[in-house]
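Asker: Structure of the sequence below:
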Amino acid sequence: MSTNLLKPTVALFVFIVVSLYLSFKGVFLSKITINTKATSQLSILESLYSERSLIRPEKSPKRLVLLLVDALKYSFLGFTPPENITRKNNYSSNIFTFPYKISKAQPLNALMYKAIADHPTTTSQRLKAIATGSIPTFMEIGENLGTMKVTEDSFLHQLASNGKHTIFMGDDAWTSLHNNSVYLRAFPHDSFDIFDLEGVDLTVHEHFFEQFQMNDWNILLAHCTGLDHAGHAFGGNNKEIERKLKEMNSLTSQIIQKIKNDTIFLLFGDHGMLDNGNHGGSDEDEVFTVLYAYTPGGFPSEKLKRSKEYEVFKECMYEVPYNTFKHPLNDTEDVIKQIDMVGSISRLVNVPIPYNNLGAIIPKLLMQDCYNYIDCMYDLTVEYLLNAIQTYNFIKEYVEKDMGTNRSIDEKYAEDFMNSIMKYKDDFKEIIVRQRKKSKNNMKEYIKTAIRIQTELNELLNTNSDLFRAAWAEFNPFCAYLSCIILIVIIAGPITKIVLNSAIPLKPLKLSQSIFTWKSIGLILLLLVLAFFLTPSKLFAICSLLILLGVVWKYFGSIWNANVWKFSGIGCTLIFLVIGVFRSYSLFTDSLIYYEGTFVLVSNRGVNIIP
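Answerer: A predicted model of the protein is given here:
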């Protein structure tokens, strides 16, 4: 190698290494995939607390009907005041109203939550999260690297492993993601064609009620995609959206009229949609979806508000040394994280919570078959402890396999988490004693102790999920920007200078080389950086990257091979091609969403959107 080229070559490779490091640190987020399957958290808790039979014999598993409406954003469900209806939502407002009307007519029988999905809001990633309770990210290092199959534990696996039966119908993504062995019967339909608004939904209508009449299932799962396809094909507000919302409204009303007291109906979405009908990023319309629950027997959490004990409960809420707004039963807490559904679904059918679950249980949903605050507070405390045990088991194994790559999640963190569970042991034994005796004299003290434990565990679980979310799904904006700028400089700068100083003619350009000074090159680089972040569309970004790769291949690679490494076909061209591929791929990872002219960055402060 020429001495004159040695220093710039070394400098170039240093820049490449730094850029790649920043890319992986700030953009290419990764996690360790753990494929361990959960065993009974109840037996572990009973062993730790030296108690037996913590679950009350009166509490029985429920049957669940799960209706997943693809792209059901929160604003689609419910009532919109007439003054708020515009041309942007006139075909989507006040159409899917049956759940809202039932909630008003039968407030004891229905619950409605705004469910916040993690990004990316692509369907496959959301389905993974809904089944496992985990947070998918760009690189999942494990058995499922490079495959769509879910190898992590899921509520479907737990049902099958514990002798429970699931019947599925609808979007074939569920059968692609999970082995057929988890289903007793499955009726999938291809959902690839976004212009097919009817195929999947017709499959659901064809099989739902015939399967509903069977008595051999514990969960009946249906996934309709017509609404999502209508959004992709025609936009987020049109007559097709209106028609599909009417269909889902009709299907929901039929289901609610047929279910029995031992069955709970859950209606939810996997993600929302933008005004143009698409999704994938972190906009509120994309991440705000819904969870609606209905049961003819009513929810004890709502019934108890009409009991004499409710005043005692409210007094206890204000007397414990915590802000009452933090307690999970507070009426203001009608917002959940989408992954919170997983633990609640599992416990409702009396199976272990999936091993990798990061969600917290939904207390109002889980309070079943209890008719006084003594029983309800006891049940809820047990469920929170089971959720905490499951989470600790996951944290412990993750720390062992992660080998310290995440400094916030280490052995000390796992130890502190377990200590937080064990510190309730003495108080919980007191609760058990009082619950069994049903002592009216000690009810107030009993409820206060339960509220304290539940509040602390709820905060512990939510803080933990936020910590893992920061590690897996929230990248460093500074590193992302700096990596992009360095890549542009180390590729575009040398290309421009070497091409201008080479013997390769640039006849099509017909420009004087004198104007290509380092100042003008610097200006060009600045414009490239600005264009990168302000590019008007995803298509423009793709074309720009392809053109850049073409220039590398045509000019820089051949010059480098001819003057430095003295051989053709391999050389620096491949290095820059690899860099270009990684850069291109990063635009469409789970961690970095580049969509419709918007560079979406998620930091610890929230969502920052750079138009």
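Asker: Strands of the stretch 101-250 of the chain, start to end?
Answerer: Ranges of strands in the stretch 101-250 of the chain, per DSSP state E, counting those that start in this stretch, are 110-116, 139-141, 166-171, 185-189, 219-224.
Asker: Now those in CSV, please, with extra columns for distance to residue 448, mean pLDDT and mean neighbour count.
Answerer: In this view, the C-beta of every residue, glycine as well, is placed from N, C-alpha and C. Converted to CSV, the strands of the stretch 101-250 of the chain look like this (distance: least, Cβ to Cβ, whole Å; pLDDT from 0 to 100; neighbours: other Cβ atoms under 10 Å):
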stretch, distance to residue 448, mean pLDDT, mean neighbour count
strand 110-116, 25, 95, 20
strand 139-141, 43, 49, 17
strand 166-171, 40, 97, 25
strand 185-189, 48, 96, 18
strand 219-224, 36, 98, 25
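Asker: Of the ones you listed, give the one that comes closest to residue 335.
Answerer: Comparing the strands of the stretch 101-250 of the chain against residue 335 with Cβ to Cβ, the closest turns out to be strand 110-116 (4.8 Å).
Asker: on that earlier part again, so for residue 92, which of the strands of the stretch 101-250 of the chain sits nearest?
Answerer: Evaluated with Cβ to Cβ, these place strand 219-224 nearest to residue 92, the distance being 16.0 Å.
Asker: Can you list the neighbours in contact with that closest one?
Answerer: Outside strand 219-224, the residues within contact range by Cβ atoms under 8 Å, 6 or more residues apart in numbering are 63-70, 159, 164-171, 173-174, 200-201, 204, 208, 211-212, 248, 251, 345, 349.
Asker: Now do the contacts for the residue lying closest to residue 339 once chain neighbours are set aside.
Answerer: Distance criterion Cβ to Cβ, 6 or more residues apart in numbering; nearest residue to residue 339, sequence neighbours excluded, is residue 359 at 3.7 Å. Residues in contact with residue 359 (Cβ under 8 Å, 6+ apart) are 133, 337, 339, 340, 341, 342, 343, 461, 465.
Asker: From these, pick the one nearest residue 327.
Answerer: Of all the contacts of residue 359, residue 461 has the smallest distance to residue 327: 13.6 Å, by Cβ to Cβ.
Asker: What is the host helix or strand of the closest one packed up against?
Answerer: Assessed by DSSP states H and E, residue 461 sits inside helix 443-472. Counting contacts by 3 or more Cβ pairs under 8 Å, 6 or more residues apart in numbering; DSSP states H and E, helix 443-472 packs against strand 30-32, helix 309-319, helix 373-402, helix 411-422, helix 425-437.
Asker: Dump these to TSV, plus mean neighbour count, distance to residue 223 and mean pLDDT.
Answerer: Formatted as TSV, the helices and strands packed on helix 443-472 follow (neighbours: other Cβ atoms under 10 Å; distance: least, Cβ to Cβ, whole Å; pLDDT from 0 to 100):
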stretch	mean neighbour count	distance to residue 223	mean pLDDT
strand 30-32	19	26	73
helix 309-319	15	38	87
helix 373-402	22	26	93
helix 411-422	14	35	94
helix 425-437	15	39	82
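Asker: Turn those into a markdown table, including distance to residue 182.
Answerer: Formatted as a markdown table, the helices and strands packed on helix 443-472 follow (distance: least, Cβ to Cβ, whole Å):
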| stretch | distance to residue 182 |
| --- | --- |
| strand 30-32 | 23 |
| helix 309-319 | 40 |
| helix 373-402 | 19 |
| helix 411-422 | 30 |
| helix 425-437 | 34 |
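Asker: so which of these gets nearest residue 298?
Answerer: Residue 298 lies closest to helix 373-402 among those, at 13.1 Å (Cβ to Cβ).
Asker: could you give the angle of that closest one to helix 425-437?
Answerer: On the basis of axes from the mean of the first three to the mean of the last three Cα atoms, to 10 degrees, helix 373-402 is oriented at 150 degrees to helix 425-437.
Asker: so who does residue 237 touch?
Answerer: Residue 237 touches 87, 88, 89, 90, 91, 92, 275, counting by Cβ under 8 Å, 6+ apart.
Asker: let's see 7 Å
Answerer: If you count contacts by Cβ atoms under 7 Å, 6 or more residues apart in numbering, residue 237 has them with 88, 89, 90, 91, 92, 275.
Asker: Same check on residue 236?
Answerer: Residues in contact with residue 236 (Cβ under 7 Å, 6+ apart) are 92, 273, 274, 275, 276, 277.
Asker: Quick check on these: which are buried?
Answerer: When these are checked for burial by 16 or more other Cβ atoms under 10 Å, the buried set is 92, 273, 274, 277.
Asker: confidence score at the second one?
Answerer: On pLDDT, residue 273 comes in at 93.
Asker: isn't it right next to residue 279, touching?
Answerer: Yes. Using Cβ atoms under 7 Å, residue 273 is in contact with residue 279, at 5.0 Å.
Asker: what touches both of those two?
Answerer: Common neighbours of residue 273 and residue 279, using Cβ under 7 Å, 6+ apart, are 71, 286.
Asker: shaky segments in the stretch 1-150 of the chain?
Answerer: Filtered on pLDDT under 70, the stretch 1-150 of the chain yields the residue ranges 1-13, 15-17, 19-30, 138-148.
Asker: can you rerun that using 80?
Answerer: Along the stretch 1-150 of the chain, segments meeting pLDDT under 80 span 1-32, 120, 136-148.
Asker: I'd like the domain boundaries of the protein, if you could list them.
Answerer: Domain segmentation of the chain under automatic domain parsing yields 3-27+476-610, 30-137+150-472.
Asker: looking at those, which is buried most?
Answerer: Per-stretch averages of neighbours, counted by mean count of other Cβ atoms under 10 Å, single out domain 30-137+150-472 among those, with a mean of 19.
Asker: could you dump the contacts of residue 236 to a markdown table with distance to residue 120?
Answerer: Shown next, in a markdown table, are those (distance: Cβ to Cβ, whole Å):
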| residue | distance to residue 120 |
| --- | --- |
| 92 | 23 |
| 273 | 14 |
| 274 | 13 |
| 275 | 19 |
| 276 | 17 |
| 277 | 17 |
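Asker: closest one to residue 269 among the strands of the stretch 101-250 of the chain?
Answerer: Residue 269 sits nearest to strand 110-116 of all the strands of the stretch 101-250 of the chain, at 7.5 Å, using Cβ to Cβ.
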